[in-house]
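Novice: pasting the structure only:
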């Protein structure tokens, strides 16, 4: 192991998948180095970064010269290669398939629907100087509500975590997306006790790494509240 390079990751913690990746690395104690990429400053468009990821997005992982550019693939690769505790990405085929089932669903449901609320309530008003039309926000919230229903009824059911009795990559990806609307001061779980209990279990499992990764989002929330 002498001379081996640590895993390098390129992150902007305003990005939901970047937060998930940082939390996972902290929880598993995989040796790593974090390189910050400020999307708001366009740092993802530099020639050096574009060589790593032509899509100019975050996160990016470099492991001894091996590059990955999609969060789902990065998390599963790290869990597998570095023998993370089995609950993150189980080796038993059926338990692993349940995590894969959620993560496949996640990218067309939890991720876009929670992100859209944040985009409409935070990013677009900052870019245009005008609040987004109320009907667009209402429609986005309706789509997100349907996703939250499925999280409760299809995945969580009566078990403590989305894929079983212990936290997995599914919970990690989901919680980071569900937190995103908080940047605009909106708590989308305030009237959903079942998901609130799940969130509490997830936070407890992740310990300090959860709040560390979400500090930038909390700051954004506090700024939005001060404008009210």
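Specialist: Structure's in. What do you need? The model shown is predicted, which means the values in this text are computed figures rather than measured ones.
Novice: show me what the longest helix seen in the chain is packed up against.
Specialist: Of all the segments of type helix in the chain, defined by DSSP state H, the longest one is helix 208-226. For helix 208-226, the contact count by 3 or more CB pairs under 8 Å, 6 or more residues apart in numbering; DSSP states H and E identifies helix 16-28, helix 169-179 as packing neighbours. Bear in mind the C-beta positions are built from the backbone N, C-alpha and C, glycine included.
Novice: out of the ones you listed, which is closest to residue 156?
Specialist: For those, the distance to residue 156 is smallest for helix 169-179, at 9.6 Å, taking CB to CB.
Novice: relative to helix 208-226, how tilted is that closest one?
Specialist: Interaxial angle of helix 169-179 relative to helix 208-226 (axes from the mean of the first three to the mean of the last three CA atoms, to 10 degrees): 20 degrees.
Novice: what average pLDDT does helix 169-179 get?
Specialist: The pLDDT scores in helix 169-179 average 98.
Novice: one step back: nearest to residue 50 among the helices and strands packed on helix 208-226 would be which one?
Specialist: For those, proximity to residue 50 was assessed by CB to CB; helix 16-28 is nearest, at 17.7 Å.
Novice: for this protein, which segments count as helices?
Specialist: Under DSSP H, the chain gives helices at 16-28, 47-52, 71-81, 93-106, 110-118, 124-128, 134-150, 169-179, 193-206, 208-226.
Novice: can you add mean neighbour count and distance to residue 62 and give these back as TSV?
Specialist: Shown next, in TSV, are the helices of the chain (neighbours: other CB atoms under 10 Å; distance: least, CB to CB, whole Å):
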stretch	mean neighbour count	distance to residue 62
helix 16-28	23	13
helix 47-52	12	7
helix 71-81	20	10
helix 93-106	16	22
helix 110-118	21	24
helix 124-128	12	31
helix 134-150	15	33
helix 169-179	26	20
helix 193-206	16	24
helix 208-226	15	20
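Novice: a markdown table please, covering those helices and showing distance to residue 185.
Specialist: A markdown table is the format used below for the helices of the chain (distance: least, CB to CB, whole Å):
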| stretch | distance to residue 185 |
| --- | --- |
| helix 16-28 | 17 |
| helix 47-52 | 31 |
| helix 71-81 | 26 |
| helix 93-106 | 24 |
| helix 110-118 | 11 |
| helix 124-128 | 12 |
| helix 134-150 | 13 |
| helix 169-179 | 12 |
| helix 193-206 | 17 |
| helix 208-226 | 4 |
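Novice: those: which one's closest to residue 37?
Specialist: Judging the helices of the chain by CB to CB, what sits closest to residue 37 is helix 47-52, at 6.6 Å.
Novice: run through who's touching the closest one.
Specialist: Under the contact criterion CB atoms under 8 Å, 6 or more residues apart in numbering, helix 47-52 has outside partners 10, 37, 43-44, 56, 60, 62, 67, 69.
Novice: phi, psi of the nearest residue to residue 5 once chain neighbours are set aside?
Specialist: Spatial nearest neighbour of residue 5, excluding adjacent residues (CB to CB, 6 or more residues apart in numbering): residue 64 at 5.2 Å. Backbone geometry at residue 64, expressed as degrees, to the nearest 10, gives phi 50, psi 40.
Novice: so which of the helices of the chain is nearest residue 156?
Specialist: Across the helices of the chain, closest to residue 156 is helix 193-206 (CB to CB), at 5.8 Å.
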